[in-house]
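# coords please:
(chains A, B, C and D, ligands or ions: 2)
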Amino acid sequence: MKQQPDRVSHSPGAIGKARTGTASATIFDLGAPGRAAAAQQPSPAALDDLPAACRRTVPPELPEVSELQAVRHYTNLSVRNFAIDNRFYPLGSCTMKYNPRGAHRAASLPGFLARHPLAPESVSQGFLACLHELQETLKTVTGTAAVSLTPMAGAQGEFAGVAMIRAYHQARGDDARREIVIPTAAHGTNPATAVMCGYAVREVAVGTDGDVDIDQLRAAVGAQTAGIMLTNPSTCGVFERRIGDIADIVHNAGGLLYYDGANLNAILGKVRPGDMGFDVLHMNLHKTFATPHGGGGPGSGPVAVAERLVPFLPVPFVERVDGEEPRYRWVDADERPQSIGRLSAFMGNAGILIRALAYARMLGRQGMERVADHATLNANYLMTRLRQAGFTLAYPERRATHEFIVTLQKEASSLGVNAMDFAKRLLDYGFHAPTTYFPLLVPECLLIEPTETETKAELDAFVDAMARIRAEAAQDAELVRSAPWTLPVSRLDDVKAARELDLTHAATRTPSGET
Amino acid sequence: MKQQPDRVSHSPGAIGKARTGTASATIFDLGAPGRAAAAQQPSPAALDDLPAACRRTVPPELPEVSELQAVRHYTNLSVRNFAIDNRFYPLGSCTMKYNPRGAHRAASLPGFLARHPLAPESVSQGFLACLHELQETLKTVTGTAAVSLTPMAGAQGEFAGVAMIRAYHQARGDDARREIVIPTAAHGTNPATAVMCGYAVREVAVGTDGDVDIDQLRAAVGAQTAGIMLTNPSTCGVFERRIGDIADIVHNAGGLLYYDGANLNAILGKVRPGDMGFDVLHMNLHKTFATPHGGGGPGSGPVAVAERLVPFLPVPFVERVDGEEPRYRWVDADERPQSIGRLSAFMGNAGILIRALAYARMLGRQGMERVADHATLNANYLMTRLRQAGFTLAYPERRATHEFIVTLQKEASSLGVNAMDFAKRLLDYGFHAPTTYFPLLVPECLLIEPTETETKAELDAFVDAMARIRAEAAQDAELVRSAPWTLPVSRLDDVKAARELDLTHAATRTPSGET
Amino acid sequence: MPFIPHTDPEVGAMLDAIGVDTVDALFDEIDDRLRGADISAIPPGENEMAMLAELAGRAREDETGPCFLGAGCYDHHIPAAVWDLAGRGEFLTAYTPYQAEASQGTLQVIYEYQSMMAALTGMDVSNASVYEGGSALAEAVLMAVRIRRRRRRTRPASDSATARVAVAGVCHPHYVETARCIVRHQGIELVETGFGPSGTGTAEALAEVAADGDLVAVVVQQPNFFGAIEPVDDLAAGAKANDALTIAVVNPVALAALKPPGQWNGDGVDIACGDGQPLGVPMASGGPSFGFLCARRDHVRQLPGRLVGRTVDANGRIGYALTLQAREQHIRRGKATSNICTNQGLLVTAATIHMALLGASGLGAVAAECQRRTRQLVAAACAVGGVTRRFDAPHFHECVLDLGRPADAVAASLAKRGIVGGLPLGAYYPELANCLLVCATERRTAADIDAFQDALRHALGSDA
Amino acid sequence: MPFIPHTDPEVGAMLDAIGVDTVDALFDEIDDRLRGADISAIPPGENEMAMLAELAGRAREDETGPCFLGAGCYDHHIPAAVWDLAGRGEFLTAYTPYQAEASQGTLQVIYEYQSMMAALTGMDVSNASVYEGGSALAEAVLMAVRIRRRRRRTRPASDSATARVAVAGVCHPHYVETARCIVRHQGIELVETGFGPSGTGTAEALAEVAADGDLVAVVVQQPNFFGAIEPVDDLAAGAKANDALTIAVVNPVALAALKPPGQWNGDGVDIACGDGQPLGVPMASGGPSFGFLCARRDHVRQLPGRLVGRTVDANGRIGYALTLQAREQHIRRGKATSNICTNQGLLVTAATIHMALLGASGLGAVAAECQRRTRQLVAAACAVGGVTRRFDAPHFHECVLDLGRPADAVAASLAKRGIVGGLPLGAYYPELANCLLVCATERRTAADIDAFQDALRHALGSDA
Ligand SMILES: Cc1ncc(COP(=O)(O)O)c(C=O)c1O
Ligand SMILES: Cc1ncc(COP(=O)(O)O)c(C=O)c1O
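Ligands and ions are numbered 1, 2, ... in the order given. Predicted structure coming up:
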């Protein structure tokens, strides 16, 4: 690529950086032995009551920087991120909606932050009341009999759910069920979870209309079937219309239905998984309940179950003891002999649960339905506009749910720019890219989820950008193929990253060599 | 200027913005009637107990936006700023040093934030104890007899100080003193304050060595002299060596000495204004005591006085009542008949005072001295390096204090790039510009104050940038003259701003016309 | 524990470069007798953890139950987003936006702020803030005097004569004290008209004061210090009749409900000012808050403080910059409109975000909810034997109660029960020694009001 | 009160564009019988103010005096800067950095984190986090089993046989429970060796367990659940002697003082894991925190979770990207190393900033100060009649006290006085029913320890 003149800065995600280099310096490059953020150091005390043999002889190679250096470094790094707070982020399947600051504030209340996880119940009634209220809310909104909040993300919720399915069959002595049925469009965590739970995965195809192929399903299901894992609305961005039939087929074969709740935003407060016939499900609170994604986590994946799975719920959870003044108490393994057990040292991502409760309280029952309504409205509007702009939909005959799929196969073959190129060029236009190449069954796909918190103006701007990129591609495909142009870095060499693994800064490498 | 190709974004101080326009949209452009951040609205109640005649008929034209829109808008605006937290900011006279986050946290403690200014003393002992401790600390560090914390910035401290000088003379029936002597290098607030206090300003020159011209001073001082306002170290970046003589001259004429403490950082804990002979002074806590500048404020400008001015201190201030358990109480006008009075509705910028106390506590006595040491070290090092790099110092024979002056007169005449051009081009290199064209007596000057919290590496990088800019100017003066190139905007049309005054968004303008 | 990054070798290298042996040598221009100040009374430094532990203890000491004190500082809800955003380092740790290109964030925020304040007050222009409400009034008075003196340039006599300013009705006593303190050296006298039986000023009282001599300006606070609604149209008309300027002191939240100063008496006042604390600023012992100052377009050159204007850059892109700086001390020095330099920028940022989040409808709903809660509070108080409303003028979100016995003792009793119960007025108006100024914002719940009533009953000994 | 921006006209325009009349029509593919779910049990929405008032009340209920409970979650000081930075919207509200160019901030932070964790543990590589300590141990066990099965690929029998993993000494019982829950479906059995009289595991006990059958791995927690220092070199040697991998469970703050796993028994362990909470994460009822997982370089392809690698862009500029994604579920699906997807990124960001602010010296000083305070705590407790240390092994910042009577009652009595006094061990080890596990971090002051002693004296009835 031609070098830009000196006067222009491409570099850091920040203004005023004709000077290069410093922006990508690591914290290790800023350190010097003996420098320190003095105000953060306790006065040094001796450790002489520890035997020498167990002591560390060489201090760890952590950077030694001043407080200002640290503040400036991480402030400047932060602005190299796209985030909900600075950009439209229509990442399909991820529900990147506004994360209310009020919910963040609630979870940051000193009384919540300072509570020890094993503090006695007598000094934990406020926190326990919150958890109980959230359990009840999630029961209602999913149409289930009981909830355990402990799973720490969707995937752990899936694990808990499938483990409960397994425990259920085992408790009935029904040991021959060795398979979990999963549609091809499923998220990768579904098969990975089934395997972690000791099951084999049996895939079933999705038809051209986006629904599961019922004949294949019938053929796949039998005495070996422990259950099916389904996302509805599915990751194809459509509502599985024959969910009733599917439930019957699986139930009749003795299997159970697992609901992957990642897409609950589309139907929140309108349609309930329990009513669809699901036996067990998880929710992604970091999606539907608007807790922030934190650049990769934390999340929270509570599980909810129908009556017959209640004995198997993971511990601990909270029970209300009614009386003059209601009290709340933990229910743990000692009282739940059939529980699948404990998923973490304490009780899950408590702070995320507080955020979700705060959000649920602000929404209220009407608010929940309005979330589903407007998430669906935004998706259908954006889908319509993109179709009108000449883009090809994966399921043109279908309604969008909260998300939908555009396939750029046509553009890829006629213009030589693929879905990834569009995605990267969108970054130049100030939009985070939609999910690319997922679900795997649709070629050159963009899975687009606008969420209910974006304005019409933002959606319109997105359509304009898509159209403009296509026009750019027609004129100068290289412009799009080499995007992004305006970010701190252009496309990264993934092959080098994997081949010449560099996972730690040289300063920290163990003498034995370079990692 | 030639348009940059499409692929390159100059625009917003943010990444990924090939799309233009939105970044500088105002909040008004994002609004739509009926949109609202619903979670921030109380349920509407009626105002029907108010007579119609006093009611508002048309709601104010405030923007109606969603919460996400507001969050995104102000997040994106914020990154269009240079600040201590993201850049070196060597703005002379302003002491742009690290603002400890711990001090910010202290002031944000719920008990402090929720306290009403007029809450009874019985429920205010914690806060009053803080103020009293700060008063004592400032007394000690300035070598004075009493402190009042109420002035809300340096300029208000100056006002209080000069008003006390006036009250002092008046109390003695010494009514003929109508002048305040001020060196030409003084900050603009000094003469403006003197005038607000009803005085005429008598200027005295600063010599080529940066010290006040003593002969001129002798000639200027007399029976008409109420006092002198001095900054020491001065705004020339040097220590006024003959301060003892100056004090004698003014005192012998019956005048008092006012110390503008904006530059206290240079001598904190090492030299005390009280010991130099000053009768009254203010400190800028937002400089020396590291409270953040907030994009223009708030600050805090406590005043400290020698014994003879104590009766005139502005109210309120805090007194400790010793006893079994010490108690703290307000002292207000009713007990201080000679007080100059009250400077604000309550007691000043309380939150800034808490921050300053937190900072003072973290520094401790040794820390204060080390601040002065290292602020001075950094300034002298930077001055030495710039001189070695061929730049001209305003006072080459002098030590720098915490700041120093470079004059670019030579570059201006030989290369055709002036101090402002250097300043703007420095922005491209990721440095905030030093103070330009102040003090007014040094042509084409940069007043450079690195502060003690910057690293040697940062200072070295600054020298490199200065040298590189000079080299650029020699090769392509226009490159420097048209800087900045990498910021959200290039040089702004100040003339248009003043001639075609546009101070409010069109949406809010009163029917009577455009402001 | 100062915040210094240098290591010993770095200090050594720097001293070498300078050519001195010790840091102390850098102070060799200072007279030895001045050096070595004794600051041993200051304790040694402590780390952030110890500092925070100590200050957190003190802050906790001052935590109370519900607050029914207003009197210029109000316990409103502040959306969590406000300070999450205003506290971002880029806003918090920037200086005054002198380098416009590197400060577009702050500058645009101020431009938006100016626009919002103009909208709220119904005035043409707003500055970028002064310190707070009391000193805002002082600046408004000085500004009025400048305007008047300029207008009457041809009559030199008035230049040195005392300028009289009337305070019509009931203005916050601390505002009046502050204004007096600040304007007195420029030969300006503030005269209070006092209040009538319903707790407000009257056109007649104003006329009497005007009859005593030429008035430069008339100050009217709406709602007034007692929370009462002043007859602002009449008072503004009175000012006009006397060829005096009108200065409005207003509460910005009340402006969502009340006629804006820009419309008082038809064509509005000359200057509107007040304290911005109700717009997203925590009470925090009264500061930092900010003073706002708005004016008619004609007066813009007499406004003190900073102004941000919209303009374009060399490429025609819209940008913002400080403008009309010739009014300010750093350019005009002794001839500046004011000595103000540092203002209250961060609070303006918070207020701008706050107003954006609330919008006109939110601010209106807040005003109405405050009013509803205050109505409930007053009713609850008056249900306690011996308690009555002292004045009968309509009031907004604040009200004077007559307790039938010294209010300071009652307030002390309420404080013992953790309730900050209101402001006893005896210290300001001896004739109101039995009176308590109370306020309820939208944050006060029914339970809070019940607690107030209980405590009041207890204090008044009418438990039965 | 959902966070929806649309005005009615906008909704109308959007419906028009789509070509439907109502929003409801967009749901017409859903069977009518499924629609109209009854969620009336959920109350109406409330605004932020009301929500915060309610939750603040609950949070306040749970505020206590000083906390002497550790047991895997520690009350350390967190520099104010940590969360001011980690809470910036750009970190807080970003997704997983799949679009590397738009996520260099998060990616570089993770790279720095991986480097720091490698430095702290003395291991070669670190992943980008798993959920927390207990599940980190589960992942470590699964990883060990995968490594072993790959090594013995040629011996197919072992593939389906039960894999035995020994837990040598005293590992947090909740970690063991969690690991059991997660690994049990893959035919893995965890066997605990128990502890000897000094409160730690012994090489002999490990040898006995090993004698019962082939071991895949040996888990050693240092300091152990009792705060005692395990003979880690001996135990790691025992693992090696049995051809088993060694998995270390470590406290990252302790690592500033204790020999890092990378050096146990000379050439170190295979996998080191633990909970990162002590590195800048508030206790917050135990989550969110994060699990760390470090390993020898040879094992990198068996690490679960994300990894960030340094690479270059098309112009040779350094940049960071997720790498070796073929280990992960979104690529490898059923064959992935784990099902983990969302991890604990934000906490990793906080921990990185925390470690940067403390550095090696700060972390070392924290460890030493915790140790000093715990020494004082234990001395103060043992000065109360009838209280003794239960075990005599050296301990780090946590210790088991024998109270001579049921510890749960004593803990309840301390809680009544607002002191979270420690963990009664009877629920985990019936033979330790009289024992309390106590901890003092650097935040505990002498006054806190005095209060503990007083309350303990009171609880034990030995006030005199
Ligand atoms: C459809 C679906 N299922 C499951 C998951 C896994 O959830 P988590 O990332 O919280 O583990 C995701 C998350 O991306 C998802 O989109
Ligand atoms: C030397 C000097 N004096 C006085 C002041 C005025 O202080 P403030 O801005 O706090 O009013 C300043 C501030 O820039 C200054 O530098």
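# from here on, just use CA atoms for contacts and neighbour counts.
Fine.
# which residues does the residue lying closest to C:G422 once chain neighbours are set aside contact?
Spatial nearest neighbour of C:G422, chain neighbours left out: C:L69 (4.1 Å); criterion: CA to CA, 6 or more residues apart in numbering or on different chains. If you count contacts by CA atoms under 8 Å, 6 or more residues apart in numbering or on different chains, C:L69 has them with B:H116, B:L118, B:A119, C:V420, C:G421, C:G422, C:L423, C:L437, C:V438, C:C439, C:A440.
# want to throw those residues into CSV with secondary structure?
Listed next are the contacts of C:L69 as CSV, based on DSSP: H, G, I helix; E, B strand; the rest coil:
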residue, secondary structure
B:H116, coil
B:L118, coil
B:A119, coil
C:V420, strand
C:G421, coil
C:G422, coil
C:L423, strand
C:L437, strand
C:V438, strand
C:C439, strand
C:A440, coil
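# of these, which is the most crowded?
The most crowded member of the contacts of C:L69, judged by other CA atoms under 10 Å in any protein chain shown, is C:A440 (32 neighbours).
# the residue nearest to that one when sequence neighbours are not counted sits in which helix or strand?
The shortest distance from C:A440 to any non-neighbouring residue, by CA to CA, 6+ apart, is to C:T374 (4.8 Å). In this structure, C:T374 sits in helix C:345-382 according to DSSP states H and E.
# can you check A:M383 too?
A:M383 is located in helix A:350-388, with elements delineated by DSSP H and E.
# does that helix come close to ligand 1?
No: Helix A:350-388 lies out of reach of ligand 1 by CA under 6 Å from any ligand atom, never closer than 12.0 Å.
# that helix near chain B at all?
Yes: on the criterion CA under 8 Å from any CA of the partner chain, helix A:350-388 is in touch with chain B at A:M362.
# quick one, what contacts C:R180?
Going by CA under 8 Å, 6+ apart, C:R180 touches C:A138, C:E189, C:L190.
# let's see it at 10 Å
The neighbours of C:R180, taking CA atoms under 10 Å, 6 or more residues apart in numbering or on different chains as the test, are B:340-343, C:134-135, C:137-138, C:141, C:174, C:188-191.
# next SSE downstream of the helix or strand harbouring C:E112?
C:E112 belongs to helix C:104-121 when elements are defined using DSSP H and E. Tracing the chain past helix C:104-121, the next element assigned as helix or strand by DSSP H and E is strand C:125-126.
# low-confidence stretches in the chain?
No chain in the question, so chain A it is. For chain A, applying pLDDT under 70 flags the ranges A:1-23, A:510-515.
# ah, I was thinking of chain C
Residues of chain C that meet the cut-off, pLDDT under 70, sit at C:153-160, C:462-464.
# close to ligand 1: what parts of it are there?
Counting by CA under 6 Å from any ligand atom, none of the residues of chain C come close to ligand 1.
# how does chain C divide up, domain by domain?
Chain C breaks down into these domains under automatic domain parsing: C:80-354, C:359-463.
# highest mean neighbour count out of those?
For the domains of chain C, average neighbour numbers computed from mean count of other CA atoms under 10 Å in any protein chain shown are highest in domain C:80-354, which has a mean of 24.
# that one spans what distance, first to last residue?
The distance separating the two terminal residues of domain C:80-354, taken as CA to CA, to the nearest Å, comes to 10 Å.
# doesn't C:L377 make contact with C:D454?
No: with contact defined as CA atoms under 10 Å, C:D454 does not count as touching C:L377 (11.9 Å).
# how about whatever residue of chain C ends up closest to chain A: what's its closest non-neighbour residue?
Relative to chain A, the nearest point of chain C is C:N47 (4.5 Å; CA to the nearest CA). Counting by CA to CA, 6+ apart, the nearest residue to C:N47 once its immediate chain neighbours are dropped is A:A39, at 4.5 Å.
# residue contacts, the one you found?
Taking CA under 10 Å, 6+ apart, we find A:A39 in contact with A:66-67, B:100, B:102, B:362-363, C:1-3, C:45-51, D:79, D:357-358, D:362.
# that one and C:G45, how far apart?
For A:A39 relative to C:G45 (CA to CA), the value is 9 Å.
# check A:Y381 too.
61 Å.
# same thing with A:E335?
For A:E335, the distance to C:G45 - CA to CA - is 53 Å.
# these two: who's more crowded?
It is C:G45, of A:E335 and C:G45, that has more neighbours when counted by other CA under 10 Å, with 21 against 9.
# check contacts around that one.
Taking CA under 10 Å, 6+ apart as the definition of contact, the neighbours of C:G45 are A:39, B:359-368, C:1-2, C:51.
# sorry, back to before: separation between the residue nearest to C:G422 and C:V400?
The span separating C:L69 from C:V400 equals 11 Å under the rule CA to CA.
# shared neighbours of these two, anything?
The overlap between the contact sets of C:L69 and C:V400 (CA under 10 Å, 6+ apart) consists of C:G422, C:L423, C:P424, C:L436, C:L437, C:V438, C:C439.
# gap between the fifth one and B:P120?
Using CA to CA, C:L437 is found at 14 Å from B:P120.
# joint contacts of those two?
Shared contacts of C:L437 and B:P120 (CA under 10 Å, 6+ apart): C:G421, C:G422, C:L423.
# so where does the closest residue to C:Y74 other than its chain neighbours fall, helix or strand?
Taking CA to CA, 6+ apart as the measure, C:Y74 lies nearest to C:P278, with 5.9 Å between them; neighbours along the chain are not counted. Taking DSSP H and E as the criterion, no element holds C:P278; it sits outside all helices and strands.
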